[in-house]
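Colleague: Next one to model:
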Amino acid sequence: MGTKNGCAKGHCGTCTVIIDGVAKRSCLVKVNKLQGSSIETIENLSKNGSLHPIQVSFIRAGAIQCGFCTPGMIMATKALLARNNNPSDEEIRKALKNNLCRCTGYVKILDAVKQAGAMLRGEISVPEIAEEEVSSTIGMSVVRKDTVAKAAGKALYADDLQAENMLWGKLALSDRPHARIKHIDIDAAKAMPGVVAVLTYEDIPGRRTFGLITHHQPVLAFDRVRYVGDPVALVLAETEEAAARAAQAVKVEYEDLPGVFSPQEALQSGASQLHGEKRNILCHIKVRKGDIEEGFQNSDVVVEGTYSTPFIEHAYLEPEAALAVPEAGGLIHVFTPTQNSHAFRDQIAASLNLPKDKVRVTLVTTGGAFGGREETTVQIHCALGALKTGRPVKMVLTREESIRMSYKRHPAYIKCKTGASRDGKLQAFKAEIYLDTGAYASAGVPVATRVASFAAGPYEVPNVKVDVYAVYTNNQPAGAMRGFGSPQGAFAAEQQMDILAEKLDMDPISLREINALEKGKSTITGHVLVGGVGLKGCLQAVRDYLDKIELPKSEGTKKIGVGIAAGHKNVGLGCGLLEKAGVEVALQEDGSVDLRLGCTENGQGIFTAAAQIAAQATGISYSRFLVQGSDTHETPDAGMTTGSRMVFLTGNAVYEAAGLFKKEICRVAGIILGMKEDHLVFEDEVVKNRSGKVMLTLEELARQAFSAGLAIKVEHTYVGPKTHPIAKHVESYPSDPSQNNLHYAYCFGAHGAVVEVDEETGETKVLKYIAAHDAGKAIHLHSVEGQIEGGVVMGLGYALTEEFVVEKGWLKTDDLRKLGIPKIDILPEITTVVVEEVDPRGPFGAKGMGELPVTPVAPAICNAIYDAVGVRCTEIPVIPARLKKLIEDRKNCSEGGCRT
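Modeller: Numbering: from 1, shown residues only. Next up, the predicted model:
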């Protein structure tokens, strides 16, 4: 149960165990080679109920987020420290280089290993791991609600679940990028040993399509397949192996159709139409502000550029999985990782043709999400299998299936033009952007909306014209991914700012400071900001850091460069959508407090932050709160855990519910004591009368209330501030700015990168990195830092190593190793600065920030590369061969070899 399986190919390290004292990836070890071997797993690390010092250090250092990599990381650490309990940073990196982590950015893992070594050497004591018995925890890095179980290998993920009489499900996937289905032959598959059923679209009793927003993606393909990965049949068998073999035996007769594999191809006259939409355009999002022609006329300097960004795979370490169990009364109960149980329930119920109350979706421990679990993958299939067979059905995608089926970050093709006056003030910004949304819509419309609204960067620009087109192709579907449109636009806008700064002979930070959004200034969509804007503080933090550090010197072919970038990102969905989050708070007989949340914990720390807010607002100890996550039969809905919205929405719901809960405590205490409730107050876990005399402790109240049959429970839904869609046109300084508030809050950040570029090989190393972020009030400091560090390393991959390559619809990047996920051995020295510009409407001044840290990374690194070697990288990732060619082209140009 504790040891995980992230790839079965030795590419991720989640299955690491210790064999005869050596850390081994168990998926690569043959059982027949283990006779007489000593094997240690995570389950045996704790002794007599006490955690091992390594487990303690991972918890205390904040090295655990989703936790799926944690057992493997801890076992690799144990093997290292057993042979060397005082390793250097380089020795730690070497020992852990085969263990991927997609969440933390490795910084706190490195810290944890060093702390564990100090504990084992006896230099520091092993701290007790217990939840803090205090209520004032805002800003503290308390023991998280989820990390003890994850460190011990006891957290249950979907693949850890079993059910009696359980079947396994496997999908037969299309092997054509675009084809008409003429016939599906399932006879051979049905006849194979162990196979119970093979289902096609004809077996779906309800809606045959699904989709987060647009319901047009087939559950099982029924007329056409539109990418290599469309499911065409579902096999249900007694074993996973039997199901996999039978899925391979499903034969489909296709009639191949012409495909389109880029927005440019898809928009051509006569191009094959994927969904009947005119010119394959899913949407066209416009931003219009001021007078764009006048803006460029008023500009003393104008720069233009063309940029492109690639598909990116989420690569959360836990592959998609679910268990569906038929229960009494015709209920189908689905256990799965998700970013919104209620949205999954609704889609499952629609396809099964069941009332919503006959489908229950329960969140299980989730091994990372980053937007990729907003859409269903196997959950409808799993539930369909359970409905049709009357038996539990479990499905777990292989890593290769996950890569083939899952949603990607939208590639972007950007042409932009920026104008500024001689004093550095931005005057105009114009962009035309094409997004490859793949075969289906998914979150393409809101992603395109974010690309448009953040295209110019976190600056006030009086005259704007932005056009964003999301275009269907026969590539993998693109959807929600961390940053949700802001990384693509920032890659172009932030390089444009540096080009402008050079032409204006101005410091890049100063240019950004001159134009930075702040209170009273207007975004490009006309939203006049009213508070909680910490961009200038972030820029100052980057300036201070870069002024302070000593830069290495360029030597030989290795050149040093410094680059900066800034970014901003919405908190919440906004755009006129109603946003709300529900919570329940209930006192239990033993004095503990159930905190039932509609949101999902995907590793970001929302369960802990919610408990901290509840503790602070009620005066009840943090340790008393027992957090239950999203369950459609047990918790209220909080909408999608996305858009950095849950600390703000769920946090406010908890804060307001806490006030109601204290009143309910006084009401019930009044009944028990025979006193008026307004003569009582509740604080510091006791009920007092007006004179301050203690009348009841919380435990006494709980026992007496339960004995009297009196429930102390509140349910509350917080409704977020009103927002508006993008206006058709806004003036530079709107007369009625309240109509243009696209979002209720924003987070801001500024980054700085120090790189070393080898002119001979094209290799780029990031040596030092600073990320300063305005997160409002930091509720849990380690979690905020961890989100920043994880985002930086994810952005580092986006900039330098990661690329999901598809050629004519066929996957070239078909396993985890080929994705180029950053490992710990390339980790730069990362400094994080949390700028606490409190948001007046957030709980204790907090707001979200988990998505933004990825956004400024690629442009900061590319600006640093330019500073080092004088070439402008307009396409990412900046792999060595690509950069080497740019450097060679520049040299040829300087030697008179340029072509005009």
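
Colleague: Could you give the number of residues near Arg543?
Modeller: 20 (other C-beta atoms under 10 Å). (Glycine included, C-beta is placed from N, CA and C.)

Colleague: Check Gln35 too.
Modeller: Neighbour count of Gln35, defined by other C-beta under 10 Å: 6.

Colleague: now it, what's its secondary structure?
Modeller: What DSSP: H, G, I helix; E, B strand; the rest coil gives for Gln35 is coil.

Colleague: from now on call the first residue 10
Modeller: Fine by me, first position is 10 from now on; the one you just mentioned is Gln44.

Colleague: pLDDT at it, what is it?
Modeller: For Gln44, the pLDDT comes out at 92.

Colleague: Low-confidence regions, this protein specifically.
Modeller: Scanning the chain for pLDDT under 70 picks out 904-909.

Colleague: so what are the domain limits for it?
Modeller: 25-165, 176-266+329-405, 417-583+735-901, 589-728 (automatic domain parsing).

Colleague: Between those domains, which one is closest to Leu283.
Modeller: Closest approach to Leu283 among the domains of the chain (C-beta to C-beta): domain 417-583+735-901, 4.3 Å.

Colleague: what separates that closest one from the chain centre, distance-wise?
Modeller: How far domain 417-583+735-901 lies from its chain's middle: 16 Å, per C-alpha atoms, centre = their mean, to the nearest Å.

Colleague: in which helix or strand would I find Val296?
Modeller: Using DSSP states H and E, the element containing Val296 is strand 290-298.

Colleague: Gly299: which of the domains of the chain is closest?
Modeller: Taking C-beta to C-beta, domain 417-583+735-901 is the member of these nearest to Gly299, at 3.6 Å.

Colleague: end-to-end on the closest one?
Modeller: By C-alpha to C-alpha, to the nearest Å, the extent of domain 417-583+735-901 from end to end equals 37 Å.

Colleague: do the same with stretch 528-538
Modeller: End-to-end distance of stretch 528-538: 5 Å, with C-alpha to C-alpha as the criterion.

Colleague: swap in stretch 164-177?
Modeller: Stretch 164-177: ends 22 Å apart by C-alpha to C-alpha.

Colleague: circling back: so for Leu291, which of the domains of the chain sits nearest?
Modeller: Leu291 lies closest, by C-beta to C-beta, to one member of the domains of the chain: domain 417-583+735-901, at 4.3 Å.

Colleague: Kindly export stretch 619-633 (C-alpha atoms) in CSV.
Modeller: Presented in CSV, the C-alpha positions along stretch 619-633 are these (Å, rounded to 0.1, in the frame of the first residue of the first chain):
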residue,chain,number,x,y,z
ALA,A,619,-9.1,25.9,6.3
ALA,A,620,-8.4,24.4,9.7
GLN,A,621,-6.1,27.2,10.6
ILE,A,622,-8.7,29.8,9.6
ALA,A,623,-11.4,27.9,11.6
ALA,A,624,-9.1,27.7,14.7
GLN,A,625,-8.2,31.4,14.6
ALA,A,626,-11.8,32.5,14.0
THR,A,627,-13.4,30.3,16.7
GLY,A,628,-10.7,30.3,19.3
ILE,A,629,-10.7,26.5,19.2
SER,A,630,-7.4,24.6,19.1
TYR,A,631,-6.2,23.6,15.6
SER,A,632,-5.7,20.1,16.8
ARG,A,633,-9.4,19.6,17.5
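
Colleague: Please state the offset of that stretch from the chain centre?
Modeller: Counting by C-alpha atoms, centre = their mean, stretch 619-633 is centred 26 Å from the centre of its parent chain.

Colleague: buried residues in the strand holding Val296?
Modeller: Within strand 290-298, the residues scored as buried using 16 or more other C-beta atoms under 10 Å are Ile290, Leu291, Cys292, Ile294, Val296, Arg297, Lys298.

Colleague: swap in stretch 586-596?
Modeller: Neighbour counts over stretch 586-596 (16+ other C-beta under 10 Å) mark Glu588, Lys589, Ala590, Gly591, Val592, Glu593, Val594, Ala595, Leu596 as buried.

Colleague: Look up how far Ser415 lies from the spatially most central residue of the chain.
Modeller: Centrality entry for the chain: nearest residue to the mean C-alpha point is Phe379, 1.9 Å, by C-alpha atoms, centre = their mean. Phe379 sits 11 Å away from Ser415, going by C-beta to C-beta, to the nearest Å.

Colleague: Quick check: neighbours shared by these two?
Modeller: Shared contacts of Phe379 and Ser415, defined by C-beta atoms under 8 Å, 6 or more residues apart in numbering, are found at His323.

Colleague: Is it correct that His20 is in contact with Lys832?
Modeller: No - with contacts counted by C-beta atoms under 8 Å, His20 stays clear of Lys832, the gap being 10.5 Å.

Colleague: Could you pull out the residues contacting both of the two?
Modeller: Leu109.

Colleague: that's a helix at Cys675, yeah?
Modeller: Yes - with three-state DSSP as the criterion, Cys675 is assigned to a helix.

Colleague: So what's the residue count around it?
Modeller: 21.

Colleague: Now for it: which residues touch it?
Modeller: Counted by C-beta under 8 Å, 6+ apart, Cys675 has contacts Glu686, Asp687, Leu689, Val690, Phe691, Val696.

Colleague: Please report the distance of the residue of the chain most remote from its centre from Gly529.
Modeller: Computed with C-alpha atoms, centre = their mean, the residue of the chain farthest from its C-alpha average is Gly683, at 51.2 Å. Separation of Gly683 from Gly529 (C-beta to C-beta): 55 Å.

Colleague: next one: Val842
Modeller: According to C-beta to C-beta, Val842 stands 24 Å off from Gly529.

Colleague: For the two, indicate the residue with more neighbours.
Modeller: Set Val842 next to Gly529 and count neighbours by other C-beta under 10 Å: Val842 wins out with 20 against 12.

Colleague: what lines up beside the helix or strand the more buried one falls within in the sheet?
Modeller: Here Val842, judged by DSSP H and E, is contained in strand 838-844. Strand 838-844 has the following sheet partners, assigned by DSSP bridges: strand 773-783 (parallel).

Colleague: Name the residues of the strand it pairs with that are buried.
Modeller: Quick answer for strand 773-783 (16+ other C-beta under 10 Å): Thr773, Val775, Leu776, Lys777, Tyr778, Ile779, Ala780, Ala781, His782, Asp783.

Colleague: go on, stretch 11-31?
Modeller: For stretch 11-31, a neighbour-count test (16+ other C-beta under 10 Å) marks 11-17, 19-28 as buried.

Colleague: where does the nearest residue to Asn108 once chain neighbours are set aside land in three-state SS?
Modeller: Nearest residue to Asn108, sequence neighbours excluded (C-beta to C-beta, 6 or more residues apart in numbering): Gly22, at 3.4 Å. Three-state assignment for Gly22 (three-state DSSP): coil.

Colleague: starting at the chain centroid, how far to the helix or strand hosting Met704?
Modeller: For Met704, the element it lies in under DSSP H and E is strand 703-706. For strand 703-706, the separation from the chain centroid amounts to 45 Å (computed by C-alpha atoms, centre = their mean).

Colleague: If we go by neighbour counts, what in the strand holding Val842 is buried?
Modeller: Ile839, Thr840, Thr841, Val842, Val843, Val844.

Colleague: What is the neighbour count of Val143?
Modeller: Other residues within reach of Val143, judged by other C-beta under 10 Å, total 13.

Colleague: closest to Gln273 out of the domains of the chain?
Modeller: Nearest of those (C-beta to C-beta): domain 417-583+735-901, 7.5 Å.

Colleague: which helices and strands sit right next to the strand holding Val296?
Modeller: In terms of contacts (3 or more C-beta pairs under 8 Å, 6 or more residues apart in numbering; DSSP states H and E), strand 290-298 is packed against helix 453-462, strand 473-481.

Colleague: closest one to Gln497 among these?
Modeller: Gln497 lies closest, by C-beta to C-beta, to one member of those: helix 453-462, at 5.6 Å.

Colleague: Now that closest one - C-alpha only, CSV.
Modeller: This file holds the C-alpha atoms of helix 453-462, laid out as CSV (Å, rounded to 0.1, in the frame of the first residue of the first chain):
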residue,chain,number,x,y,z
GLY,A,453,-10.4,26.0,-24.0
VAL,A,454,-12.8,29.0,-23.8
PRO,A,455,-11.8,30.1,-20.3
VAL,A,456,-8.1,29.5,-21.0
ALA,A,457,-8.4,31.7,-24.1
THR,A,458,-10.1,34.3,-21.9
ARG,A,459,-7.2,34.3,-19.5
VAL,A,460,-4.6,34.4,-22.3
ALA,A,461,-6.4,37.5,-23.6
SER,A,462,-6.9,39.3,-20.2
